[in-house]
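Trainee: Okay, predicted coordinates and the sequence, questions at the end:
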Amino acid sequence: MTAKKELLQVSAVENGTVIDHIPARKLFDVINVLGIASCDNTITFGNNLASNKLGKKAIIKISDRFLVDEEIDKLALVAPSAKINIICNFEVVEKKTVNVPKRVEGIARCVNPQCITNHQNVKTKFDVVGSAPIVLRCLYCEKLTDQEHIEIL
Amino acid sequence: MNNCLISITDYSKEEILEVLKTAARFEECPNNHLLEGKVVASLFFEPSTRTRLSFETAISRMGGRIVGFADSSSTSTSKGESLKDTIKMVDNYCDLIVMRHPLEGAARFASEVASVPVINAGDGANQHPTQTMLDLYSIYKTQGRLDNLEIFMVGDLKYGRTVHSLLQAMSHFNPVFHFISPGELEMPATYKLFLDSLHIPYHEHRELDDVINSADILYMTRVQRERFADLLEYEKVKNVYVLHNSMLAGTKDNLRILHPLPRVNEINEDVDENKKAYYFDQARNGVYTRQAIIFKALNLTW
């Protein structure tokens, strides 16, 4: 029953993207990294919804917008548990899990204040050395940035 | 790019051994013409007299020419020129770049921008791989091997980049580590996890006492006052990690004491005359080791 109801909820967009299974306290991070605040599309979101997996979850529905790879990488860094549903004509036509990439470029800030990337115009580059939780290793200063300290540029 | 030395982890075990062999050859024959006709840029965005003189001696003894600066106050960096632009410009002039920079990761970035090889002479608190190579050369030379040694590291093991890089490099050679430090300055968890993952044994101690009797190498570092949030703590520990000649009575014959220098008071001067004191010879080894690193960076042949 619950699954059906869920599907119904998800399908309430005619065409667009539904991002589901966002941890409740990460909703606003996701809104920030995807630039949803300044987007003109019709958007609905819910927070603190009951979830078997996460306890409480958040969901975002964006009409007439589909995420590009770079946006999915950003999403992966702040909410790796999120699921993406692509909706056409009220139907879920594709379900995607978010994959944490092996290499992250130009998306996140290095946590080390003495890192060259925080002082000069140098694009950040990280190897992803842990995925649950996410740990990034800066290719320049070699310091680790953990999930709690990931700041999206 | 490939011949750069930015981080000690850029060298494999085989490359480390290859460079140490080359260094031994340079020790026999430090004066040569291998760099004749070559120009090396020596870019010290932050002053470091010891490292710069060592590099410039290495280059001069190989017949190379040096351009560069000893600190960035007299360069266009002080006018706001970006590191990228400085490197792009220098790249046009020289065959090799040696650089020291206060920001971490600066050398890696320079190696991406430059077409000539870059050797990192220290990037902030991050890496100083030529120091590590000279430490390895000193260990190799005094012990006749790198394998199966008991290495004691003493003092500031939290912030000391030399001990972190040495730990990474020695991890190829089946060592046993001992860490002697105050609680505030103990070896960071990330390096202990690294050793755990390789099943390399290590022991932690709080006291510098006869525990050192099993040591092959005693690597001393400076406990710096500015590292302590609580100055009372500093006052409590500042004299605990000082080595005196009398403490060496029960140590092994082959023990050698290393220190990256400059020392302040962590090795009493009464140790200097002991044959186990090796820190000044260690500094001389830096010239041969840097010659060998340059030799590799430029793909030179004898």
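Mentor: The structure has been received and is ready for your questions.
Trainee: you'd agree B:N120 is up against B:L103?
Mentor: No: with contact defined as Cβ atoms under 8 Å, B:N120 does not count as touching B:L103 (12.0 Å). In short, each C-beta sits where N, CA and C put it, glycine included.
Trainee: and the stretch 151-300 of chain B, which of its residues are near chain A?
Mentor: Within the stretch 151-300 of chain B, the positions adjacent to chain A are B:T190 by Cβ under 8 Å from any Cβ of the partner chain.
Trainee: could you pull out the helices for the stretch 151-300 of chain B?
Mentor: B:161-170, B:189-197, B:231-237, B:279-297 (DSSP state H, counting those that start in this stretch).
Trainee: ditto for chain A
Mentor: Counting by DSSP state H, one finds helices in chain A at the ranges A:2-10, A:27-33, A:69-78.
Trainee: Lowest average confidence across the ones you listed, which one?
Mentor: Lowest mean pLDDT within the helices of chain A: helix A:2-10, a mean of 53.
Trainee: dump the residue contacts of the closest residue to B:F173 other than its chain neighbours.
Mentor: Closest residue in space to B:F173, ignoring its immediate chain neighbours: B:L146 at 4.2 Å, by Cβ to Cβ, 6 or more residues apart in numbering or on different chains. Residues near B:L146 by Cβ atoms under 8 Å, 6 or more residues apart in numbering or on different chains: B:136, B:139-140, B:170, B:172-173.
Trainee: ditto for A:N32
Mentor: With the criterion set at Cβ under 8 Å, 6+ apart, A:N32 makes contact with A:I152.
Trainee: swap in A:V129?
Mentor: A:135-137, A:144.
Trainee: List just the nearest of the residues you listed to A:K74.
Mentor: Closest approach to A:K74 among the contacts of A:V129 (Cβ to Cβ): A:L136, at 12.8 Å.
Trainee: what is that closest one paired to in the beta sheet?
Mentor: When bridges are called by DSSP bridges, A:L136 pairs up with A:V128, A:T145.
Trainee: quick revisit: of the contacts of A:V129, which is the most crowded?
Mentor: Most neighbours among the contacts of A:V129, by other Cβ atoms under 10 Å in any protein chain shown: A:L136, with 28 neighbours.
Trainee: Isn't that residue up against A:F126?
Mentor: Yes: if you go by Cβ under 8 Å, A:L136 and A:F126 touch, sitting 3.8 Å apart.
Trainee: give me the number of residues near the residue of the stretch 151-300 of chain B found nearest chain A?
Mentor: In the stretch 151-300 of chain B, the residue that lies nearest chain A is B:T190 (7.1 Å; Cβ to the nearest Cβ). B:T190: 10 surrounding residues under other Cβ under 10 Å.
Trainee: mind putting the contacts of A:V129 in CSV, distance to B:D209 included?
Mentor: As requested, the contacts of A:V129 are exported to CSV (distance: Cβ to Cβ, whole Å):
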residue, distance to B:D209
A:V135, 38
A:L136, 41
A:R137, 37
A:L144, 34
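Trainee: Helix or strand with the lowest mean pLDDT in chain B?
Mentor: Counting by mean pLDDT, DSSP states H and E, chain B has its least confident helix or strand at helix B:231-237, which shows a mean of 85.
Trainee: Give me the phi and psi for A:V98.
Mentor: phi -90, psi 130 (degrees, to the nearest 10).
Trainee: Against chain A, how distant is B:D123?
Mentor: 8 Å (Cβ to the nearest Cβ, to the nearest Å).
Trainee: What does that residue show for phi and psi?
Mentor: With angles defined as degrees, to the nearest 10, B:D123 sits at phi -120, psi 90.
Trainee: B:P262 now?
Mentor: Dihedral angles (degrees, to the nearest 10) for B:P262: phi -80, psi 140.
Trainee: ok, how many other residues are close to A:K143?
Mentor: 18.
Trainee: and for A:L136 and A:F126, which residues touch both?
Mentor: By Cβ under 8 Å, 6+ apart, the residues touching both A:L136 and A:F126 are A:104, A:108, A:145.
Trainee: Just the buried residues from those, in ChimeraX please.
Mentor: Buried members of the shared contacts of A:L136 and A:F126, defined by 16 or more other Cβ atoms under 10 Å in any protein chain shown, are picked up in ChimeraX with:
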select /A:104,108,145
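Trainee: of the shared contacts of A:L136 and A:F126, closest to chain B?
Mentor: A:T145 (12.8 Å).
Trainee: isn't the closest one right up against A:I107?
Mentor: No: assessed by Cβ under 8 Å, A:T145 is found out of contact with A:I107, at 11.4 Å.
Trainee: picking that back up, any chance of the helices of the stretch 151-300 of chain B in TSV, plus distance to B:A41?
Mentor: Below are the helices of the stretch 151-300 of chain B laid out as TSV (distance: least, Cβ to Cβ, whole Å):
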stretch	distance to B:A41
helix B:161-170	23
helix B:189-197	33
helix B:231-237	40
helix B:279-297	12
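Trainee: Show me which residues of chain A are close to chain B?
Mentor: Selection of chain A residues close to chain B by Cβ under 8 Å from any Cβ yields A:112, A:114-117, A:119-122, A:138-144.
Trainee: can you name the two of those that are farthest apart?
Mentor: Greatest spatial distance in the residues of chain A next to chain B: A:N121 and A:L144, 23.2 Å, computed using Cβ to Cβ.
Trainee: how is chain A carved up into domains?
Mentor: Domain assignment of chain A by automatic domain parsing yields the ranges A:2-97, A:103-152.
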